[in-house]
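[1] Whatever this is, show me its structure:
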Amino acid sequence: MSARLKIKLFALIILIYTAIGISLGGLLHSFWPEHYFSWYPSIPGFYCITALAMVFFLDYVKQKKGDVTVTTFMIVRISKLILAVFFLWIYAKFVGEKMKAFGLTLMLFYFIYLTLETYTVYLFEKKRLKKKKQEKMDIKFFNKIVIWMICLLLCPNIKAEKETSGDINVQEIVFSHIQDAYIWHITKWGDKEISIPLPIIVKGNNGWDCFLSSKLENGETYNNYYIATEGDHAGKIMEKLEDGTSVRPLDISITKNVFGLLLGCIVISSIILHTAKWYKKHPNEVPKGFIGVIEVMVNYIHEDVIKKNIDTDYGKFAPYLLTVFFFILTNNLIGLIPIFPGGANITGNITITMVLALCTFLAVNLFGTKTYWKDIFWPNTPIFLKVPLPIMPFVEFFGVFTKPFSLMLRLFANIMAGHTIILALTCLIFITTSMGVIINSGMTIISVLFCLFMNCLELFVACLQAYIFTLLSANYIGSARIKEN
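    Model prediction:
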């Protein structure tokens, strides 16, 4: 790279980083008025210096070795992250002003600059290789970035008015989608909400009642029943008694999660019965297509998960573990579908994961051998860890309950977190509508890209969590089936 081109590139990096620092600072101040702190300019300045050093180092490596490998670029990225952590440590030790705001801003800038630098370096190298005989690089791409940054600098940082900010309640939007409900909301057409009312089945002071949830829409009351909007029972059916008090009736209604659960069971049953029917009609044929995929999944879980972890008497636990795997996988995948009949947060509901973990708990402890219980109450450890204080027996007995508890929380947290992040990213589009066309357009593009990435990640997590739950359940059952040597 010539000295003239290097100077232009350095000047362009300084301009871009300054534009992002000023624009993002104004945007953060609009959302978070207390965010400003005197050391704020040091963050874009720090990343600007590290970016210049990165360009200088990569150019030096290019001149010495003739090419920059992916490993070299990753080493530079890791070094920059380490320097950012070290910079945070220096700030905490010698300044310590508004640590939370400084740390969050430092990490936010890191991910923004990481995306920008990676994409810029990629396009820069692509153009340079295409025109390697020409010393002067095509500057059109950078001109577009400069124009975009200048627009951001000239765009006023408009603060949302109080009444405008109150129009969008992100927390309400997110939790209304991931929580259970008595209706299945589909979409909104103008001022009219299109939804499917579900049957409500309750037992109150006057006996059993069964009716559709549409009778309780918009805060209406039916047979003294209504849906609470606040308090500990917000979103639940309540009954108003004659003395004016409200109580929670016995509620076995078909809610959104229950309906989604039944739908998932129908899908699983249809898949398994269809597969069994195919094998019955084609006993000596090799399956292809969808049936072949099901066979591969069943064989893998049966041979590499169940059989290897439980060993000799794995046969009587295989039906349960295969059912658990396909139940979690199917409901995870249905939950990723954004339109009806998908979108129900089944495995992101802690009651569902609690029942699954309880089934594994019963399978482990009801079928545990004498050796398993002996190792819990009298483990093979030094005697002073068992007598006079039963330290190790207590730890082992405590582990009997922590294992299913971890199964329950792991599945619940991973699925619910994925749904929450995707919804929050989508809300960014509507939050920034009052901040100008430039900012809203930029945040819309960022939100869509991150939502696509999170959906791909959630697809992977949906399969991974079904596998992990089945693997750990098989491992726990296998550890309870140990026999005396």
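[2] So which elements touch the helix or strand where residue 185 lies?
    Taking DSSP states H and E as the criterion, residue 185 maps to strand 183-189. With contacts taken as 3 or more C-beta pairs under 8 Å, 6 or more residues apart in numbering; DSSP states H and E, strand 183-189 sits against strand 192-197, helix 256-281. To be clear about C-beta, it is placed using only N, CA and C from the backbone, and glycine gets the same treatment.
[3] Tell me the strands beside that strand, with direction?
    strand 192-197 (antiparallel) (DSSP bridges).
[4] Let me see the contact set for residue 81.
    Going by C-beta atoms under 8 Å, 6 or more residues apart in numbering, residue 81 touches residue 110.
[5] Roughly how far does it sit from residue 87?
    From residue 81 over to residue 87 the distance is 11 Å, taken as C-beta to C-beta, to the nearest Å.
[6] what does residue 229 give?
    Residue 229 is 47 Å from residue 87, by C-beta to C-beta.
[7] neighbour-wise, which of those two wins?
    residue 87 (17 against 10; other C-beta atoms under 10 Å).
[8] quick one: pLDDT of the more buried one?
    Looking at residue 87, its pLDDT is 77.
[9] that older thread, let me see the mean pLDDT of the strand holding residue 185.
    78.
[10] centre of the chain versus that strand, how much separation?
    24 Å (C-alpha atoms, centre = their mean, to the nearest Å).
[11] Pretty sure residue 229 sits in a strand.
    No. Per DSSP: H, G, I helix; E, B strand; the rest coil, residue 229 lies outside any strand segment and is coil.
[12] hang on, the earlier thing: can you lay out the helices and strands packed on strand 183-189 as TSV showing distance to residue 400?
    Below are the helices and strands packed on strand 183-189 laid out as TSV (distance: least, C-beta to C-beta, whole Å):
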stretch	distance to residue 400
strand 192-197	43
helix 256-281	28
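[13] Just give me the lowest mean pLDDT stretch among those.
    Across the helices and strands packed on strand 183-189, the lowest-scoring stretch is strand 192-197, with a mean of 81.
[14] what does that strand rub up against?
    For strand 192-197, using C-beta under 8 Å, 6+ apart, the contacting residues are 182, 183, 184, 185, 186, 187, 188, 212, 213, 214, 217, 340.
[15] and residue 285, that one's in a helix?
    No. Assignment of residue 285 by three-state DSSP gives coil, placing it outside any helix.
[16] Now for residue 314, how many residues are close by?
    Neighbour number of residue 314 under other C-beta under 10 Å is 20.
[17] My error: substitute residue 15 in the last question.
    For residue 15, the neighbour count with other C-beta under 10 Å is 17.
[18] so it, which of the three states?
    Residue 15 ends up helix, using three-state DSSP.
[19] which residues sit in contact with residue 214?
    Going by C-beta under 8 Å, 6+ apart, the list of residues near residue 214 reads 183, 197.
[20] I meant residue 259, not that one.
    184, 198, 344.
[21] May I have the phi/psi pair for the last one?
    Looking back up the chat, that one is residue 344. Main-chain torsions, residue 344, degrees, to the nearest 10: phi -70, psi 130.
[22] What sits closest to it if chain neighbours are left out?
    Once flanking residues are discounted, residue 344 sits nearest to residue 260: 2.9 Å by C-beta to C-beta, 6 or more residues apart in numbering.
[23] The first one now?
    Spatial nearest neighbour of residue 184, chain neighbours left out: residue 196 (4.3 Å); criterion: C-beta to C-beta, 6+ apart.
[24] how much space is there between the one you found and residue 344?
    From residue 196 to residue 344 the distance is 12 Å (C-beta to C-beta).
[25] So residue 337 versus residue 256, what's the distance?
    Note on residue 337: its distance to residue 256, by C-beta to C-beta, is 14 Å.
[26] The two: who's more crowded?
    Neighbours were counted for residue 337 and for residue 256 using other C-beta under 10 Å; residue 256 has more, 23 against 11.
[27] Pick the one among the contacts of residue 259 closest to residue 240.
    residue 198 (21.6 Å; C-beta to C-beta).
[28] Let me see the contact set for the residue nearest to residue 216 when sequence neighbours are not counted.
    In space, and not counting its chain neighbours, residue 216 is closest to residue 227: 5.2 Å by C-beta to C-beta, 6+ apart. The contact partners of residue 227, by C-beta under 8 Å, 6+ apart, come to 182, 216, 219, 235, 236, 237, 238.
[29] what about stretch 300-316, start to end distance?
    17 Å (C-alpha to C-alpha, to the nearest Å).
[30] Could you pull out the buried residues of that stretch?
    By neighbour count on 16 or more other C-beta atoms under 10 Å, the buried set for stretch 300-316 is 301, 302, 305, 306, 307, 309, 310, 314.
[31] you'd agree the first one is up against residue 323?
    This means residue 301. No. Checked against C-beta atoms under 8 Å, the pair residue 301 and residue 323 is beyond contact range at 10.6 Å.
[32] Let me know the pLDDT of residue 164.
    41.
[33] where's the residue nearest to residue 184 relative to residue 292, distance?
    35 Å.
[34] Of those two, which one has the most company?
    Between residue 196 and residue 292, counting by other C-beta under 10 Å, residue 196 is the more crowded of the two (15 against 11).
[35] which residue packs closest to residue 439, ignoring adjacent ones?
    Per C-beta to C-beta, 6+ apart, closest to residue 439 is residue 432, 5.5 Å.
[36] what about that neighbour, how many neighbours?
    24.
[37] so what's it up against?
    439, 440, 443, 444.
[38] that older thread, most neighbours of all the contacts of residue 259, which one?
    Going by other C-beta under 10 Å, residue 344 tops the contacts of residue 259 with 26 neighbours.
[39] From residue 201, how far off is that one?
    19 Å.
[40] try residue 74
    Taken as C-beta to C-beta, the span from residue 74 to residue 201 is 58 Å.
[41] the more surrounded of the two?
    Legend: neighbour count by other C-beta under 10 Å for residue 74 and residue 201, higher for residue 201 (15 against 10).
[42] and the host helix or strand of the more buried one with helix 256-281, angle?
    If you go by DSSP H and E, residue 201 is part of strand 199-204. Calculated by axes from the mean of the first three to the mean of the last three C-alpha atoms, to 10 degrees, strand 199-204 forms an angle of 130 degrees with helix 256-281.
[43] Toward the C-terminus from strand 199-204, list the very next helix or strand.
    Next in line after strand 199-204, if elements are assigned by DSSP H and E, sits strand 207-212.
[44] what residues are up against residue 241?
    So residue 241 contacts 205, 224, 247 (C-beta under 8 Å, 6+ apart).
[45] how does it look with 7 Å?
    205, 247 (C-beta atoms under 7 Å, 6 or more residues apart in numbering).
[46] could we number from 290 for the rest of this?
    Okay, residue one is now 290; in that scheme the one you just asked about reads as residue 530.
[47] how near is it to residue 512?
    With distances taken as C-beta to C-beta, residue 530 is found 12 Å from residue 512.
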